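*Asks:* Any chance you can model this:
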Amino acid sequence: MGIGVSATEPTHPIHIHNFRAYWIARLTMTLAQYAMLLVIQWQAYNLARDSGMNVAEGSGTLAIIGLLQFLPLFVLTPFSGLAADRFDRRMIGILMILLQLGCAAALAWFSWNEAVTLPILFAIAIVLGIARGFVGPAMSALSPNLVPKLLLPTAIALSSISWQVGMMAGPAIGAMLYAVEPALSYAVAAALFVVAAFALALVGKVPQPAMRKDQRPIGAIVDGLRYVVQNKMVLSAITLDLFAVFLAGANALIPVFARDILHTDEFGLALLVSATPAGALITAIFFSFSPLRTQVGPKMLWAVAVFGLATIVFGLSSNLWLSLAMLFVIGAADMFSVYVRQSLVQLYTPDDKRGRVSSVSLMTISASNEGGDAFSGTLAFLIGPVAAIVAGGVGAIVTVGLWSRIFPVLRTTKTFDPPDHLLEQLQSANPDGAKT
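*Replies:* The predicted structure follows:
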């Protein structure tokens with residue numbers, strides 16, 4: 001469990017020094033990331049509209065931003081997962097946080113000098129995609145090493161809280177600081193990245209299982225991918241999120257809805273981008289005190305169905321308060337699904353493969369988020385933003401029906417405990433299984 005853990009078995013992840021430092025690093029990093037992403041999207045959309053582009057063409061610009069963040073992550077995923085299993089996960093996290101710090105500092109300088117252009121925003125989006133591609137698997141694979149196995153679901157909920165607080169407060173902070181001075185939002189993001197790097201450096205030495213020395217890099221990558229494909233629980237949980245959120249992602253079009261459908265200002269924009277993480281945050285807090293224990297698979301399916309239904313209502317709404325309520329429900333339902341999925345993936349994966357499996361999971365999350373942003377932006381360009389969001393919500397509901405048939409394990413999984421035959425494999429891969 002690493003330095004800082006008491007000899008007495010802890011009863012909550014927050015009692016563990018390493019986890020506390022990790023939690024602070026994840027929170028501040030996520031705050032900075034999402035403050036930057038919102039401002040980048042807002043600047044890109046306004047640059048496009050102010051240059052004479054119409055709503056559809058402005059939506060296309062947002063699609064490009066999403067695509068440029070996703071493509072590097074997609075290409076680098078096999079290598080970032082291998083790096084997380086082969087090298088010090090803490091050091092990878094620190095280096096990638098510092099790379100994002102450089103991006104924030106550069107955008108602060110360009111904004112202060114009123115020199116921001118679409119090509120600059122596109123270039124920064126690519127670099128951020130590279131950094132997030134490496135930091136995600138490293139941070140995800142590091143978390144299970146910091147707490148005992150029995151505390152892992154609670155640790156995942158707490159980790160999700162830091163992520164959701166960052167998603168909720170980050171865009172709000174970014175939008176409000178941007179209203180004061182555009183460069184200020186990036187300067188604050190840079191300061192948060194400094195705190196994140198320092199906090200992660202405080203995490204003590206964490207045991208990390210050595211990979212097989214006789215295994216070549218390509219073989220190790222294939223081994224991780226093979227495990228994902230062969231483990232139907234891991235495969236079904238990851239791909240359910242991939243297709244549902246890819247089809248029903250509404251976040252990329254929030255600037256479009258804020259300006260041209262709901263007719264609100266930066267304050268309304270901040271409310272809209274904060275509503276989804278607010279719903280997710282409350283759900284994560286609930287699970288941190290009352291972990292889910294029964295019918296985990298069926299409940300995940302219902303959560304994704306609610307996610308799709310709320311997306312449809314949001315797409316049809318022209319009222320700010322109804323839109324906020326639906327975004328809140330979207331966040332709560334998504335967090336429910338994320339909590340179940342991450343718990344299953346981490347508990348069903350041997351520690352020596354967690355980096356590679358986490359990288360696949362991150363790729364699908366990014367495909368559903370940034371790739372979904374590109375898809376929804378493109379669809380909005382073709383058929384309009386309202387029709388694009390409604391069609392995506394319908395697609396998410398259809399995905400639930402299909403996955404419940406294709407992967408019956410989702411309907412039959414009652415608890416987070418792996419079945420006996422898989423548990424034996426996990427314990428043989430992790431001799432200190434109770435301490436991972």
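*Asks:* Give me the pLDDT value at Q43.
*Replies:* Turning to Q43, the model gives it a pLDDT of 85.
*Asks:* Okay, and it sits in which element?
*Replies:* Under the assignment given by DSSP states H and E, the secondary-structure element containing Q43 is helix 17-50.
*Asks:* Could you check how far the following helix or strand past that helix is from the centre of its chain?
*Replies:* Elements were assigned by DSSP H and E; along the chain past helix 17-50, the next helix or strand is helix 55-86. In terms of Cα atoms, centre = their mean, to the nearest Å, the centre of helix 55-86 is found 13 Å from the chain centre.
*Asks:* What angle do helix 17-50 and the helix or strand just after helix 55-86 make with each other?
*Replies:* The helix or strand immediately downstream of helix 55-86 is helix 89-112, counting by DSSP H and E. Relative orientation of helix 89-112 and helix 17-50, computed by axes from the mean of the first three to the mean of the last three Cα atoms, to 10 degrees: 30 degrees.
*Asks:* which secondary structure elements does the helix or strand that helix 89-112 is followed by contact?
*Replies:* Using DSSP H and E, the next helix or strand after helix 89-112 towards the C-terminus is helix 118-142. Using 3 or more Cβ pairs under 8 Å, 6 or more residues apart in numbering; DSSP states H and E as the contact criterion, the neighbours of helix 118-142 among helices and strands are helix 17-50, helix 55-86, helix 89-112, helix 354-383. Just so you know, the C-beta spots here come from the backbone N, C-alpha and C atoms, and that holds for glycine as well.
*Asks:* Residue ranges in the stretch 1-150 of the chain under the pLDDT threshold?
*Replies:* Judged against pLDDT under 70, the low-scoring parts of the stretch 1-150 of the chain cover residues 1-8, 55-56, 59.
*Asks:* and if we set it to 80?
*Replies:* Residue ranges of the stretch 1-150 of the chain with pLDDT under 80: 1-12, 49-63, 66-67, 69-71, 73-87, 136-137, 140-141, 143-145, 147-150.
*Asks:* pLDDT score for V194?
*Replies:* In the predicted model, V194 carries a pLDDT score of 96.
*Asks:* could the helices and strands packed on helix 118-142 go into JSON lines alongside distance to H263?
*Replies:* Below are these laid out as JSON lines (distance: least, Cβ to Cβ, whole Å):
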{"stretch": "helix 17-50", "distance to H263": "14"}
{"stretch": "helix 55-86", "distance to H263": "13"}
{"stretch": "helix 89-112", "distance to H263": "26"}
{"stretch": "helix 354-383", "distance to H263": "17"}
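*Asks:* Looking at those helices, which is nearest to I285?
*Replies:* When the helices and strands packed on helix 118-142 are ranked by proximity to I285, the top entry is helix 17-50, at 13.6 Å, counting by Cβ to Cβ.
*Asks:* What are the buried residues along the closest one?
*Replies:* Of the residues in helix 17-50, those with enough neighbours to count as buried (16 or more other Cβ atoms under 10 Å) are 17-45, 47-49.
*Asks:* what sits against L309?
*Replies:* Taking Cβ atoms under 8 Å, 6 or more residues apart in numbering as the definition of contact, the neighbours of L309 are 393, 397.
*Asks:* Let me fix that, I meant to ask about S236.
*Replies:* 403, 406-407, 409-410.
*Asks:* So which other helices or strands are in contact with the helix holding Q43?
*Replies:* Using 3+ Cβ pairs under 8 Å, 6+ apart as the contact definition, the elements that helix 17-50 packs against are helix 55-86, helix 89-112, helix 118-142, helix 152-180, helix 182-201, helix 254-256.
*Asks:* Distance check, Q295 against W302.
*Replies:* As for Q295, its distance to W302 is 9 Å (criterion: Cβ to Cβ, to the nearest Å).
*Asks:* same deal with R26?
*Replies:* Taking Cβ to Cβ as the measure, R26 and W302 are separated by 28 Å.
*Asks:* Over to G129?
*Replies:* G129 sits 33 Å away from W302 when distances are taken as Cβ to Cβ.
*Asks:* which of the two has more neighbours?
*Replies:* Using other Cβ atoms under 10 Å as the criterion, G129 and W302 rank with G129 on top: 22 against 14.
*Asks:* Verify the stated contact: the more buried one with L73.
*Replies:* Yes - counting by Cβ atoms under 8 Å, L73 is a contact partner of G129 at 5.0 Å.
*Asks:* angle of the helix holding Q43 against helix 55-86?
*Replies:* What separates the directions of helix 17-50 and helix 55-86 is an angle of 160 degrees, with the same axes, to 10 degrees.
*Asks:* got the angle between helix 17-50 and helix 152-180?
*Replies:* Here helix 17-50 points in a direction 40 degrees away from that of helix 152-180 (the same axes, to 10 degrees).
*Asks:* Can you give the distance of helix 17-50 from its chain's centre?
*Replies:* If you compare the mean C-alpha spot of helix 17-50 with that of the full chain, they lie 11 Å apart, counting by Cα atoms, centre = their mean.
*Asks:* on that earlier part again, which one, of the helices and strands packed on helix 118-142, ends up nearest to V194?
*Replies:* Between V194 and those, the shortest separation by Cβ to Cβ is 6.5 Å, and it involves helix 89-112.
*Asks:* Can you mark which positions in that closest one are buried?
*Replies:* Of the residues in helix 89-112, those with enough neighbours to count as buried (16+ other Cβ under 10 Å) are 89-90, 92-94, 96-97, 99-101, 103-104, 106-108, 110-111.
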